[in-house]
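Visitor: Give me the fold of what follows.
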Amino acid sequence: MEVLPAIDLLGTRCVRMIQGRYDRVIEYDRDAVEVAGRFRAAGARWLHVVDLDGARNGRIENLATLRALATQTGLQVQFGGGVRDEAAIDAALAAGAARVIVGTRALEDWAWFERIAHRPDYAGRLALGLDARVGKLAVHGWTRDTERLATDVARALHDWPVTIVYTDIGHDGLLLGPNLRAVQELRSAARVPVIAAGGVSDADDIRQLAAMGLAGVVIGRALYEERLRLEDALAAARTPPAA
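Guide: The predicted structure follows:
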């Protein structure tokens, strides 16, 4: 299972939001490239980057920072936030993203997402962002709730050449552990790779997620507040949980 340390961007600042709320932001660092460099030195291969300005405003706002992260660190970058059309996808890929997350537009225009998901030049380079509160999906940077269930959408993907990035908003940024039941339900419903985010607080959380057969896990606040060393997280992703 891949471990993806997270960088959430507000401007060039490295922050974490609590439960997806823009009025509950913790700022950790002003130099995202320096933070990413530390992650690489610790052994990371991937980086999960979310443009929070873009997610809220509906257009990518921090393309220059994405380009700097991709070109200066050597890490593979999974990028999302404000990706609403093919021009935005192309811009993110051109800036160096290895995988681009599409959320709001995909859920609001499923026919469009199905079409682009099957474009040969996007194969393996797109992820569907599913962000849920109590199983129901939220859109527009988590500011609007819907009645759609994450598991229903996951089933609809069949064997498309995409990855799911699933975030449990209720656990995100709280360091209370992931919502294992919700993640397992989503993983069981999906026929495509799943990366989970939200709530990871220690190495045991990672071992339990790895046992579910996930493709990856995103870790944010636990790393920034030194509750969990990235080196230990990477080791835990390779170790099965104790019986």
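Visitor: For this protein, which residues score under the pLDDT cut-off?
Guide: Using pLDDT under 70 as the threshold, the predicted model of the chain has low-confidence ranges 12, 16-24, 29, 140-143, 170-175, 240-243.
Visitor: ok, Leu75 touching Ala44?
Guide: Yes. Taking contacts as C-beta atoms under 8 Å, Leu75 lies within contact range of Ala44: 6.3 Å. All C-beta atoms are positioned from the backbone trio N, CA, C, and that covers glycine.
Visitor: Which one's more surrounded, those two?
Guide: Residue environment comparison for Leu75 versus Ala44 gives the larger neighbour count to Ala44, 24 against 21, counting by other C-beta atoms under 10 Å.
Visitor: what secondary structure does that one sit in?
Guide: Per DSSP: H, G, I helix; E, B strand; the rest coil, the secondary structure class of Ala44 is coil.
Visitor: could you pull out the strands for this protein?
Guide: Secondary structure of the chain (DSSP state E): strands at 2-10, 13-18, 21-29, 46-51, 76-80, 99-102, 126-133, 136-139, 144-149, 163-168, 194-197, 216-219.
Visitor: you'd agree Arg13 is up against Glu27?
Guide: Yes. When contacts are counted by C-beta under 8 Å, Arg13 is listed as touching Glu27 (5.5 Å).
Visitor: So for those two, which sits in the more crowded spot?
Guide: Under the neighbour definition other C-beta under 10 Å, Arg13 and Glu27 were set side by side, and Arg13 has more, 17 against 11.
Visitor: and the more buried one, bridged to which residues?
Guide: Leu10 (DSSP bridges).
Visitor: Next, find the distance separating it from Leu52.
Guide: Here Arg13 is placed at a distance of 9 Å from Leu52 (C-beta to C-beta, to the nearest Å).
Visitor: which residues sit in contact with the closest residue to Ala106 other than its chain neighbours?
Guide: By the measure of C-beta to C-beta, 6 or more residues apart in numbering, the closest residue to Ala106 outside its immediate chain neighbours is Phe113, 3.7 Å from it. Residues counted as contacts of Phe113 (C-beta atoms under 8 Å, 6 or more residues apart in numbering) are 102, 105-106, 128.
Visitor: can you pick the most crowded of these?
Guide: Val102 (26 neighbours).
Visitor: doesn't Arg99 make contact with Gly129?
Guide: No. Taking contacts as C-beta under 8 Å, Gly129 lies outside contact range of Arg99: 11.0 Å.
Visitor: Look at those two and report which has more neighbours.
Guide: Looking at Gly129 and Arg99 with other C-beta under 10 Å, you find the greater number of neighbours at Gly129, namely 25 against 22.
Visitor: tell me the contacts of the more buried one?
Guide: Under the criterion of C-beta under 8 Å, 6+ apart, the contact list for Gly129 reads 80, 101-103, 106, 165, 167.
Visitor: Skipping its backbone neighbours, what lies nearest it in space?
Guide: Gly103 (3.4 Å).
Visitor: Based on its surroundings, how many neighbours for the one you found?
Guide: Neighbouring residues of Gly103 were enumerated by other C-beta under 10 Å; the total is 27.
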